[in-house]
Structures are given as structure tokens and as C-alpha cells.
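Novice: After the sequence you'll find the predicted model.
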Amino acid sequence: MRGVLTGFWVIAAVIAVGYALGRSGRLGEGGRETLTRLAFHVATPALLFTTLADADLGVLLSAKLLVTAGSVVAVGAVYGVVAAVRGWGVGPGTIGALCSGYVNAGNLGIPIAVYVLGDASLVAPVLLFQQIVATPVGLTILDLRRPDRTRGGLVRQVLTPLRNPVAVGSLSGVAVAALGLDVPGPVMDPLTLVGNMSVPAVLLAFGISLRGSALPARGPEAGQVLLSAGLKAVGQPLIAWFLAACVFGLRGHDLLAVVVTSALPAAQNLYTYAVRYRVAERLARESVLLSTVLSVPVLVGVAAALG
């Protein structure tokens with residue numbers, strides 16, 4: 001329980017600083033936008049490259065990865081079907097689907113993995129799946145939905161992921177790891193330093209966005225917010241437990257690990273993506289906030305039941 005609360009305290013403290021900056025206006029009217037652009041175009045690609053370049057890609061063949069992938073696809077599909085039936089649109093549907101299954105594996109998942117599971121590497125399967133598969137697919141859909149992306153032919157559309165800085169950072173890191181390349185220190189060290197800005201920038205921008213915001217699920221997107229937060233906080237952990245225990249036969253610490261990582265709240269960088277593509281910003285902000293609040297008792301309950 002201490003690990004869960006410690007992880008959330010770190011996140012909440014930085015978000016609170018961002019909120020205070022927003023209230024004071026110290027960064028000006030464009031502060032949030034500047035932090036978002038910094039995170040999306042520079043810091044996050046650098047962080048993903050340095051993280052994945054040293055990753056053990058062997059986890060991609062593990063049962064834990066299959067459980068993670070299955071739970072993400074399942075909740076994303078549920079949200080996508082509902083979004084299509086209700087006519088919420090491709091952009092909001094994509095953001096909502098990501099908020100339903102894309103977990104905060106980095107800045108919250110790693111400390112919780114350390115304090116609750118005793119091993120930070122246990123978050124690697126979900127981190128790799130999200131950065132290798134979920135992020136490129138989601139951002140490609142958001143890219144292709146823009147009017148200026150409808151021109152240029154099939155080749156331009158196929159190459160869309162290669163023009164997205166986040167996807168490029170992820171795929172480049174995977175390529176380096178797969179080829180077993182050793183990146184020299186003079187190259188890796190500056191990238192690491194720049195990448196270290198990603199998490200604080202995302203959290204500060206998220207905190208600034210909360211200035212003047214109402215309680216979540218009170219606006220016109222209430223149904224979308226409640227659906228995505230409910231799938232994230234309750235649906236995904238339940239699906240992960242079913243797949244792990246009943247399909248793949250995981251037990252003990254392995255079962256605890258996959259359920260805990262699946263019960264993590266939606267990642268704050270989803271709000272960064274929404275701002276970058278100017279779609280469903282309120283949905284992303286409120287879904288992340290509500291799923292974060294709901295995940296506290298869920299994570300404590302999972303740790304108590306399976307730990």
C-alpha cells in the first residue's frame with residue numbers, strides 16, 4: 001500500500017505545481033502549449049528512444065505481454081464500438097479508446113512496480129507494447145483524420161508514422177535494441193538529459209490545464225469520460241486477471257504483476273496528444289483525472305487480494 005500511495009503522491013505534487021503556475025500566470029498564456037510542444041516534439045521522443053534502446057525485447061514473447069496486449073485491445077475495442085454506435089467521431093473515439101487502456105507505465109508504473117512488486121522491470125511488457133504498437137497506431141489514426149492528410153496518396157499515408165516524433169523515437173529505440181547496437185555515451189547522454197524533461201513537462205502542462213476546470217464528468221462529454229475511466233479503472237484489470245489466471249495460467253507474483261500494471265490509471269501524455277491534435281482535450285483531461293482517482297482504491301485492493 002505504501003508504494004501505491006508514494007507513487008500517487010509524486011504525481012500529485014508535480015501536478016499541483018503546474019496548477020499553481022496556471023493560477024499565477026507565471027508562464028504566460030502560452031505556457032501550457034509550450035510545455036506540450038516541448039514534450040511531444042523533443043522530450044518524449046528522446047525519453048522513449050533512451051528507454052527502449054536498452055530494453056530487453058525478449059519480454060515481447062512472454063505471456064505477460066500477451067495479457068497486456070489482450071486487455072488493452074479488449075477495452076479499446078469496447079470503447080470504439082460504443083463510440084461508433086453513438087457517433088462520437090474518429091478523433092474523440094481514438095482518444096477515448098487510448099484513455100481506456102493506455103496505462104501510466106512510466107512516471108507512475110515504475111515507482112509502483114518498485115514499491116509494490118519489488119522489480120521495476122516488471123512494467124517493461126506494458127511499456128514496450130504501448131510504445132511499439134499502441135502509440136504508433138493511435139497517433140497514425142489521429143494524423144490521418146486531419147483534412148491535410150487526405151491528400152498525397154497511399155505512400156504518404158503509409159509513411160505517416162515515420163513523420164510522428166513520438167513514434168519515430170519509439171521505433172528507433174526498438175531498432176537499436178533489436179540490432180544490439182551500443183550507442184556511444186556522447187550521443188546517449190544528451191538524449192537522456194533531454195528525455196528527463198518529458199515527465200515533468202507533461203505533468204506541469206496537465207496541472208496548468210486544471211485551472212478553472214470543473215469536476216470531471218460534468219460537461220457534455222460526461223458519458224465518454226465515465227465510459228473510458230470505468231473501462232480503465234475496472235474493466236482492464238478484470239480482463240487482465242481473467243486472461244492471466246484463466247487463459248495463461250499465471251499464478252502468484254506473475255499474476256499480481258500483470259493485474260497491477262493493468263490497474264494503473266490512464267497516462268497524462270494522452271492529454272498531450274489530445275492538445276497536439278486539437279481533439280477531445282477535455283475528454284482526455286477528465287478521463288486521466290478520474291481514472292487516477294479511481295485507481296487508488298483499485299490498486300490497494302489488488303495488492304491486498306493478490307499480494
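Specialist: Arrived safely, thanks for sending. Residues are numbered from 1 along each chain as shown.
Novice: mind listing what the closest residue to Trp88 other than its chain neighbours touches?
Specialist: Distance criterion CB to CB, 6 or more residues apart in numbering; nearest residue to Trp88, sequence neighbours excluded, is Gln224 at 6.2 Å. All C-beta spots, glycine's among them, are computed from the backbone N, C-alpha and C. Counting by CB atoms under 8 Å, 6 or more residues apart in numbering, Gln224 touches 83, 88, 92, 96, 280, 283, 287.
Novice: repeat that for 10 Å
Specialist: 79, 82-83, 86, 88, 92-93, 95-96, 99, 217, 280, 282-283, 286-287 (CB atoms under 10 Å, 6 or more residues apart in numbering).
Novice: now those: which count as buried?
Specialist: If you count burial by 16 or more other CB atoms under 10 Å, the buried members of the contacts of Gln224 come out as 79, 82-83, 88, 92-93, 95-96, 99, 217, 280, 282-283, 286-287.
Novice: Could you list which of these belong to helices?
Specialist: 79, 82-83, 92-93, 95-96, 99, 282-283, 286-287 (DSSP state H).
Novice: Farthest pair within the residues you listed?
Specialist: Pairwise distances across those peak at 18.0 Å for Val82 and Arg282 (criterion: CB to CB).
Novice: Just put the ones in helices among the buried ones among the contacts of Gln224 in a markdown table and tack on pLDDT and distance to Asp189.
Specialist: Converted to a markdown table, these look like this (pLDDT from 0 to 100; distance: CB to CB, whole Å):
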| residue | pLDDT | distance to Asp189 |
| --- | --- | --- |
| Tyr79 | 97 | 40 |
| Val82 | 97 | 46 |
| Ala83 | 96 | 43 |
| Pro92 | 95 | 40 |
| Gly93 | 95 | 40 |
| Ile95 | 95 | 35 |
| Gly96 | 96 | 38 |
| Cys99 | 95 | 34 |
| Arg282 | 90 | 39 |
| Leu283 | 93 | 38 |
| Glu286 | 91 | 38 |
| Ser287 | 93 | 36 |
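Novice: with these in mind, which one is nearest to Val259?
Specialist: Of those, the one sitting nearest to Val259 (CB to CB) turns out to be Cys99, at 19.4 Å.
Novice: Does the closest one touch Val225 like I think?
Specialist: Yes. Under the contact definition of CB atoms under 10 Å, Cys99 touches Val225, with a separation of 8.5 Å.
Novice: residues shared between the contacts of these two?
Specialist: 283-288, 290-291.
Novice: between these, which is nearest Leu255?
Specialist: Ser291 (22.1 Å).
Novice: where's the helix or strand hosting that closest one relative to the chain centroid, distance-wise?
Specialist: For Ser291, the host element (DSSP states H and E) is helix 281-306. How far helix 281-306 lies from its chain's middle: 13 Å, per CA atoms, centre = their mean, to the nearest Å.
Novice: what packs against it?
Specialist: helix 2-24, helix 90-101, helix 109-112, helix 198-209, helix 222-230, helix 236-242, helix 252-262, helix 269-277 (3 or more CB pairs under 10 Å, 6 or more residues apart in numbering; DSSP states H and E).
Novice: ok, now with 8 Å
Specialist: Applying 3 or more CB pairs under 8 Å, 6 or more residues apart in numbering; DSSP states H and E, we find helix 281-306 packed against helix 2-24, helix 90-101, helix 198-209, helix 222-230, helix 252-262, helix 269-277.
Novice: Show me what counts as buried in it.
Specialist: 281-292, 294-295, 298-299, 302-303, 306.
Novice: do the same with stretch 10-30
Specialist: Applying a neighbour-count criterion of 16+ other CB under 10 Å, one finds 11, 14-15, 18-19, 21-22, 27 buried in stretch 10-30.
Novice: so Gly101 sits right up against Gly76, yeah?
Specialist: Yes. Gly101 lies in contact with Gly76 (CB atoms under 8 Å); the separation is 4.9 Å.
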